[in-house]
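**Q** Sequence and computational prediction follow.
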2 protein chains.
Amino acid sequence: MSRHTLNERLFDEMSAFNRRLRALFDLRARETGLTLTRARALFALGRRGVLSQKDLAEELEIETPTLVRVLDGMEKQNLIERRAGDGDRRVKEIHVTPDGEVVSRDVQDLARSLRNRLVEGIAEEDLDTALHVLLQLNRNLAVSSAEEQKA
Amino acid sequence: MSRHTLNERLFDEMSAFNRRLRALFDLRARETGLTLTRARALFALGRRGVLSQKDLAEELEIETPTLVRVLDGMEKQNLIERRAGDGDRRVKEIHVTPDGEVVSRDVQDLARSLRNRLVEGIAEEDLDTALHVLLQLNRNLAVSSAEEQKA
DNA sequence: ACCTTACAATTAGTATCCTAATTATTTAAC
DNA sequence: GTTAAATAATTAGGATACTAATTGTAAGGT
């Protein structure tokens, strides 16, 4: 396979993987009402504690306007609350509600089980190589984006 | 790094890569009016010739209702035409217009150049390993999806 | 020949995701 | 102390993406 075709297939397989992962996750988690992105938000808050919207968006690597809509939905589901802090009045702090913590716990098990299922039959060293490829791809992407913004 | 963390980071890096790739591609291609998904549709039609919507959706690995909206936009841009065929009247054939062919050619160079830029500094054997990991991940996903549909 | 089932495309509803612009607030410069 | 620039969150507009339901057409069974 030419290098060109290899690249093309790699990128196509990655985008297909993401679409399918989201669809399967949403299907499995439908009873909890969680979608993949909302779940990732809950997991991030579980790891990091209370975060501002800007910091949570950074953690999830999505833009802040995108996060606004995700949080709107989660608020409606009573999974999180936005609160004003003591400091900067522009900043809102995101807190997980007790309901949110219960759902988060349930879905972490589901997520872990799904991830384990997906990597079956794949050598750990190959996963590690794949991760390093992804990290380098993302670094190159960041560099290219920065160059394009300057143009 | 634990295997669990490895998996989590791999999946997160892949989803971030996809979002950023789309954003950068759309930024670079904005003058042509093409988005990444529309570009992929044009490329697929260039490779395979006239296709039905069902076949094109399969080639792109997206659902047919999604493709309907993508094609609606491309039709509006005069990049493609939907035509009835001689056979089954349910089926519509997708043809690239002369304008579409011009744009397709322009954007293929951009896409290739971007892909080459992104894989700089990555050994070909590592790319190959990554591709095989993705193929296995996608196979496992398909199996899990099939199992879940039966449930 | 007729009816049931299956199929291709579309519509509806919803979620995620982006960029650009706006608003309220904070910070920095003078 | 005042003003300009920067920042956090929101809104607007648009694209991609899914699932479920609907419509028109084709195929299979009786």
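**A** Arrived safely.
**Q** so where do the helices sit in chain A?
**A** A:3-28, A:36-48, A:53-60, A:64-76, A:98-118, A:124-150 (DSSP state H).
**Q** Packing partners of the second one?
**A** Which is helix A:36-48. helix A:3-28, helix A:53-60, helix A:64-76, strand A:80-84, strand A:92-96, helix A:98-118 (3 or more Cβ pairs under 8 Å, 6 or more residues apart in numbering or on different chains; DSSP states H and E). All C-beta spots, glycine's among them, are computed from the backbone N, C-alpha and C.
**Q** how about those in a markdown table, adding mean pLDDT?
**A** Formatted as a markdown table, those follow (pLDDT from 0 to 100):
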| stretch | mean pLDDT |
| --- | --- |
| helix A:3-28 | 90 |
| helix A:53-60 | 96 |
| helix A:64-76 | 96 |
| strand A:80-84 | 96 |
| strand A:92-96 | 97 |
| helix A:98-118 | 93 |
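**Q** returning to what we had before: between the helices of chain A, which gets nearest to residue B:62?
**A** For residue B:62, the closest of the helices of chain A is helix A:3-28, at 6.9 Å, according to Cβ to Cβ.
**Q** for DNA strand D, what are the nearby residues on chain A?
**A** A:15, A:19, A:22-23, A:26-27, A:52-54, A:57, A:64-65, A:68-69, A:71, A:82, A:88, A:90-92 (Cβ under 7 Å from any atom of the strand).
**Q** Mind giving me the ChimeraX select for those, buried ones only?
**A** In ChimeraX, a selection of the buried entries from the residues of chain A next to DNA strand D looks like this (16 or more other Cβ atoms under 10 Å in any protein chain shown):
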select /A:15,52,53,57,71,92
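**Q** Around DNA strand C, pick out the residues from chain A.
**A** Close to DNA strand C, as judged by Cβ under 7 Å from any atom of the strand, chain A has residues A:35-38, A:60-63, A:65-66, A:69-70, A:73, A:88-90.
**Q** Tell me which two in the residues you listed are the farthest apart.
**A** A:36 and A:89 (32.5 Å).
**Q** tell me the domain ranges of chain A?
**A** A:3-113, A:122-151 (automatic domain parsing).
**Q** Start and end of the longest one, how far apart?
**A** Its start and end residues considered, domain A:3-113 measures 34 Å (Cα to Cα, to the nearest Å).
**Q** before we move on, the earlier item: mind putting the domains of chain A in TSV, distance to residue B:98 included?
**A** Output for these, formatted as TSV (distance: least, Cβ to Cβ, whole Å):
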stretch	distance to residue B:98
domain A:3-113	25
domain A:122-151	30
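**Q** what about those, which gets the closest to residue B:140?
**A** domain A:122-151 (8.3 Å).
**Q** ok now do the residue lying closest to residue A:132 once chain neighbours are set aside, which residues does it touch?
**A** Excluding the flanking residues, the one nearest residue A:132 by Cβ to Cβ, 6 or more residues apart in numbering or on different chains is residue B:126, at 7.0 Å. Residue B:126 sits next to A:129, A:132, A:133 when contact means Cβ atoms under 8 Å, 6 or more residues apart in numbering or on different chains.
**Q** what about the second one, neighbour count?
**A** So that's residue A:132. Residues within reach of residue A:132, counting by other Cβ atoms under 10 Å in any protein chain shown, total 16.
**Q** Can you check the pLDDT for it?
**A** Note on residue A:132: pLDDT of 95.
**Q** now it: how far from residue A:79?
**A** 34 Å (Cβ to Cβ, to the nearest Å).
**Q** do the same with the last one
**A** According to Cβ to Cβ, residue A:133 and residue A:79 sit 34 Å apart.
**Q** Please work out how many residues are found near residue A:55.
**A** Residue A:55: 15 neighbours (other Cβ under 10 Å).
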